[in-house]
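Enquirer: what's the 3D shape of this:
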Amino acid sequence: MLTRPWSLLRPLLLLTLLPTLAWSQGLRFTTLDIGQGDSAVLIAPGGCVALFDGGPTGSGPTIKAYLKSLGVTNIDMAFVSHMHADHMGGIDEVDVGTDAVSIDAVYDHGGTYNSSAYDAYASHFSGRRNTVYRGQSFSLCGEVTLTVVAANGNGVSSTDENTKSVTVKISYGAFDGLVGGDLTSTPDVESTLLSDVGELELYKVHHHGSRNSSGNPLLDVTNPTVSFISVGRDNTYGHPTAECLDRLTAHGSAIWQTEDPATNRVLGHIQLSSSTGDTFTVTQGTRSVSYASKGVGPDTRPPSVPGALVASATSSTEISLSWNRSTDDVGVTGYRVYRSTNGGAYALAGTSTTTGFADLGLTAGVTYGYQVTAVDAAGNESSPASASTRTPAPGITVTGPNGGESLAGGGARAITWTSQDISNVKLEYTLDNGGSWQVIASSVAASTGSYSWTVPNSSSTAARVRVTDAFGSASDMSDGTFTITAVATPARVILNEMLANEPGSDTDGEFVELVNVGSASIDISGWTISDATSVRHTFAAGTVLGAGKAIVVFGGATAIPSGTPNAVAASSGALSLNNSSDTVTVRNAAKTSIDSFSYTSSLASQDGVSMNRNPDASPTGGFVLHTSLSTRSASPGLRVNGSAF
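Expert: Below is the predicted model:
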């Protein structure tokens with residue numbers, strides 16, 4: 001439901017320039033003369049504005065001119081009854097061009113429609129379009145209540161777009177009106193409204209007075225005091241039909257038309273105004289008639305405003321509201337809670353019979369505004385109490401190492417963090433102050449707040465760690481750099497990356513990457529690489545693998561990518577790695593196994609995607625698909641992120 005604090009409804013300058021406007025103290029409803037189509041404007045006390053339909057294409061200037069004459073510069077909400085062009089073709093012209101009047105939100109029955117007018121409407125109001133449902137309630141300035149009594153046919157099955165018309169009941173004190181586009185009595189959707197409507201002061205006649213609308217069942221219940229018909233004098237549909245006019249006359253309703261085909265006259269806008277809702281006046285040109293409302297009841301006093309409204313975010317998806325009880329001369333029956341998102345339109349979020357309300361399913365990091373009103377047994381609604389708060393956004397804070405520490409390479413260190421509304425985190429480290437990052441763990445439960453990290457045995461004075469939401473954007477890293485001192489370790493050669501499923505069909509593209517993870521160089525002359533069948537490569541005499549360096553053996557020389565560091569071709573002429581499963585073994589010159597790994601198709605089934613240690617170059621890390629570590633499919637001779645060893 002849309003309401004706004006009265007102090008913010010219209011600029012002070014506007015109130016100063018237009019102190020005598022009729023709508024500033026009461027309700028005004030105007031059926032605009034836009035020819036054969038429909039458009040009406042409702043202005044509540046305090047200045048909140050609702051637009052009902054926008055007429056056919058070309059109606060925008062007429063609508064804007066009328067609103068400008070009243071000093072209106074913003075429409076709080078617009079209802080589009082259905083998707084026929086004579087009701088919505090001009091609405092996208094209202095908030096553009098000369099004398100544009102902004103529209104906060106539009107409401108319709110949802111779905112799509114095959115027409116250029118619909119396409120223009122849906123595109124223009126993308127992001128502001130909302131689907132209404134039967135029973136939904138809105139408020140204008142806390143003074144006028146709008147209740148949706150029909151949408152999408154109220155369960156009546158029909159492919160006729162007219163039957164889907166959004167129909168809204170207007171309530172202001174003792175005054176009630178009904179606006180429903182082209183709603184039909186054949187098929188009979190009108191009869192589905194009867195329990196929600198009651199007697200009316202104003203009936204905005206359905207479907208321009210066609211024979212298939214304004215049926216007797218509806219009129220028998222509503223007995224409208226006045227009936228407004230929007231119609232073009234030169235229309236070819238025979239609107240308004242004699243059958244409809246006869247039914248309205250038989251029910252004692254005073255008929256007002258924007259134009260009269262019978263006399264070929266343009267009669268103009270039909271304007272209804274009411275200061276309290278007990279009486280109202282209809283004016284058209286020089287003609288003006290006053291009427292008494294039917295619904296004047298003994299209880300017209302609204303309850304007091306709910307006191308001390310407090311909105312508190314209990315999580316990133318829930319806000320709790322509390323307030324002090326309202327008083328009423330008859331008795332408060334309940335409270336209505338209206339919600340606004342980031343300063344947008346207010347809509348009914350729910351009701352409560354107590355002085356509290358829990359608003360669930362919210363979005364993290366969003367400011368929500370709330371207005372709470374009290375309602376008595378007679379339906380009187382109080383002015384709103386207002387409050388707002390912001391749901392906390394998911395957050396992560398690294399607590400260690402957080403800068404200034406000195407760590408020994410190869411040792412264990414706990415990475416610690418705090419988090420809020422995060423399920424899983426990814427852990428990374430950098431040795432060059434963020435120039436490149438290495439994955440430590442791709443997904444760890446955030447609630448643990450700690451992870452035991454084996455510090456890389458690489459000297460650095462610019463190391464940091466980073467903790468990131470594994471499924472979102474929240475992230476934090478060490479506030480400052482810390483130092484890692486490499487500890488001398490003997491040479492150790494491991495299988496680090498293998499590609500069994502070459503790109504395309506050239507098996508020369510298969511490769512095996514070895515990395516020396518120790519801090520001393522090692523001569524690997526005479527060492528061999530075998531698959532499950534036989535030796536596929538023997539390293540040449542004089543081959544030395546430096547500390548922390550890699551060497552790559554490809555199936556054939558023609559497939560070695562240009563610029564690949566320290567790469568050689570298999571001495572046997574092929575690596576012959578199977579895509580289904582195989583075992584790769586590295587042996588030293590004494591034929592002692594140095595490292596071995598058996599893989600299955602889960603790591604070799606993707607064309608051109610290698611299997612890589614995780615973390616990269618970790619002697620204890622398992623093998624995973626390379627694409628799970630970086631956007632690269634493989635990185636022969638390089639780290640997973642493309643940086644040099």
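
Enquirer: and Y237, what helix or strand is that in?
Expert: Under DSSP states H and E, no helix or strand contains Y237.

Enquirer: residues contacting it?
Expert: For Y237, the contact set (Cβ atoms under 8 Å, 6 or more residues apart in numbering) comprises 36, 208, 210. Every residue, glycine included, has its C-beta placed from N, CA and C.

Enquirer: Helices along the stretch 101-250 of the chain, start to end?
Expert: Listed in chain order, the helices of the stretch 101-250 of the chain (DSSP state H, counting those that start in this stretch) span 116-124, 194-197, 216-222, 242-250.

Enquirer: Could you pull out the buried residues of the shortest one?
Expert: Residues of helix 194-197 classed as buried by neighbour count (16 or more other Cβ atoms under 10 Å): 196-197.

Enquirer: same for that helix, what does it pack against?
Expert: strand 144-150, helix 216-222 (3 or more Cβ pairs under 8 Å, 6 or more residues apart in numbering; DSSP states H and E).

Enquirer: Tell me, how many residues neighbour the residue lying closest to V49 once chain neighbours are set aside?
Expert: For V49, ignoring the flanking residues on the chain, the nearest one in space by Cβ to Cβ, 6 or more residues apart in numbering is I75 at 4.8 Å. The tally of other residues near I75 (other Cβ atoms under 10 Å) stands at 24.

Enquirer: so who does I75 touch?
Expert: Neighbours of I75 in contact, by Cβ under 8 Å, 6+ apart: 49-51, 67, 94-95, 101-104.

Enquirer: From those residues, list just the buried residues.
Expert: Counted by 16+ other Cβ under 10 Å, the contacts of I75 give 49-51, 67, 94-95, 101, 103-104 as buried.

Enquirer: Of all the helices of the stretch 101-250 of the chain, which one is nearest A590?
Expert: helix 116-124 (74.6 Å; Cβ to Cβ).

Enquirer: Okay, buried residues for that closest one please.
Expert: So, applying 16+ other Cβ under 10 Å, buried residues of helix 116-124: 117-118, 120-122, 124.

Enquirer: could I get the residues you listed as a markdown table with distance to G55 and pLDDT?
Expert: Below are these laid out as a markdown table (distance: Cβ to Cβ, whole Å; pLDDT from 0 to 100):
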| residue | distance to G55 | pLDDT |
| --- | --- | --- |
| A117 | 11 | 95 |
| Y118 | 15 | 96 |
| A120 | 14 | 96 |
| Y121 | 12 | 97 |
| A122 | 18 | 96 |
| H124 | 15 | 97 |
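
Enquirer: now those residues in a markdown table, with distance to G555?
Expert: Converted to a markdown table, the buried residues of helix 116-124 look like this (distance: Cβ to Cβ, whole Å):
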| residue | distance to G555 |
| --- | --- |
| A117 | 63 |
| Y118 | 60 |
| A120 | 60 |
| Y121 | 61 |
| A122 | 56 |
| H124 | 59 |
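
Enquirer: those strands in the stretch 301-450 of the chain, which residues are they?
Expert: Shown for the stretch 301-450 of the chain, the strands assigned by DSSP state E, counting those that start in this stretch span residues 307-315, 318-324, 332-341, 347-352, 356-359, 367-376, 385-390, 395-400, 406-408, 412-420, 424-430, 438-445, 450-454.

Enquirer: Quick check: can you name the pairing partners of the shortest one and their directions?
Expert: Using DSSP bridges, the neighbouring strands of strand 406-408 in the sheet come out as strand 482-485 (parallel).

Enquirer: Give me the distance between the partner strand and the centre of its chain.
Expert: 44 Å (Cα atoms, centre = their mean, to the nearest Å).

Enquirer: Strand partners (parallel or antiparallel) of the helix or strand following it?
Expert: Once the chain leaves strand 482-485, the next helix or strand it forms, by DSSP H and E, is strand 493-499. Partners of strand 493-499 in the sheet, by DSSP bridges, are strand 511-516 (antiparallel), strand 611-614 (antiparallel).

Enquirer: R336 is nearest to which of those strands?
Expert: strand 611-614 (54.7 Å).

Enquirer: Now the element after the closest one, going C-ward?
Expert: Next element after strand 611-614 (DSSP H and E): strand 622-625.

Enquirer: Would you mind pulling the contact partners of that next one?
Expert: Contacts of strand 622-625 (Cβ under 8 Å, 6+ apart): 498, 597, 599, 603, 606, 609-614.

Enquirer: which one of the residues you listed is nearest N641?
Expert: N612 (11.1 Å).

Enquirer: Give me the pLDDT value at that closest one.
Expert: Looking at N612, its pLDDT is 97.

Enquirer: what residues are up against it?
Expert: Counting by Cβ under 8 Å, 6+ apart, N612 makes contact with 496-497, 623-626, 629, 634-635, 640.

Enquirer: picking that back up, redo the helices of the stretch 101-250 of the chain as TSV? Include distance to N152.
Expert: Below are the helices of the stretch 101-250 of the chain laid out as TSV (distance: least, Cβ to Cβ, whole Å):
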stretch	distance to N152
helix 116-124	16
helix 194-197	15
helix 216-222	18
helix 242-250	24
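
Enquirer: rank those helices by pLDDT, which is bottom?
Expert: For these, mean pLDDT drops lowest on helix 194-197, to a mean of 87.

Enquirer: Confirm for me that F228 is in contact with K204.
Expert: Yes: shown here, F228 and K204 form a contact pair, counting by Cβ atoms under 8 Å, at 5.2 Å.

Enquirer: okay, and the common contacts of the two?
Expert: Shared contacts of F228 and K204 (Cβ under 8 Å, 6+ apart): 31, 40.

Enquirer: quick revisit: so which of the buried ones among the contacts of I75 comes closest to P240?
Expert: Of the buried ones among the contacts of I75, the one sitting nearest to P240 (Cβ to Cβ) turns out to be L51, at 23.0 Å.

Enquirer: wait, the closest one sits on A78?
Expert: Yes: in this structure, L51 is within contact of A78 by Cβ under 8 Å, at 4.1 Å.

Enquirer: Overlap in contacts, these two.
Expert: 91, 94, 103.

Enquirer: wait, what's in contact with the last one?
Expert: This points to I103. I103 makes contacts with 51, 74-75, 78, 91, 94-95, 125, 128, as judged by Cβ under 8 Å, 6+ apart.

Enquirer: run the last query once more with 6 Å
Expert: The contact partners of I103, taken as Cβ atoms under 6 Å, 6 or more residues apart in numbering, are 75, 78, 95.

Enquirer: ok, now the second one?
Expert: The contact partners of V94, by Cβ under 6 Å, 6+ apart, come to 60, 63, 101.

Enquirer: cool, the first one as well?
Expert: When contacts are counted by Cβ under 6 Å, 6+ apart, I91 is found next to G54.

Enquirer: If I look at it, what pLDDT would I see?
Expert: In this model, I91 is scored at 97, pLDDT.

Enquirer: CSV for the contacts of strand 622-625, including distance to G556?
Expert: Formatted as CSV, those follow (distance: Cβ to Cβ, whole Å):
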residue, distance to G556
M498, 16
F597, 22
Y599, 21
L603, 22
Q606, 21
V609, 20
S610, 17
M611, 20
N612, 22
R613, 25
N614, 28
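
Enquirer: Touching, S293 and F175? I think so.
Expert: Yes: if you go by Cβ atoms under 6 Å, S293 and F175 touch, sitting 5.0 Å apart.

Enquirer: still on that earlier bit, restricted to strands, list the contacts of I103.
Expert: The strands, defined by DSSP state E, take in 75, 78 from the contacts of I103.

Enquirer: Perfect, that will be all.
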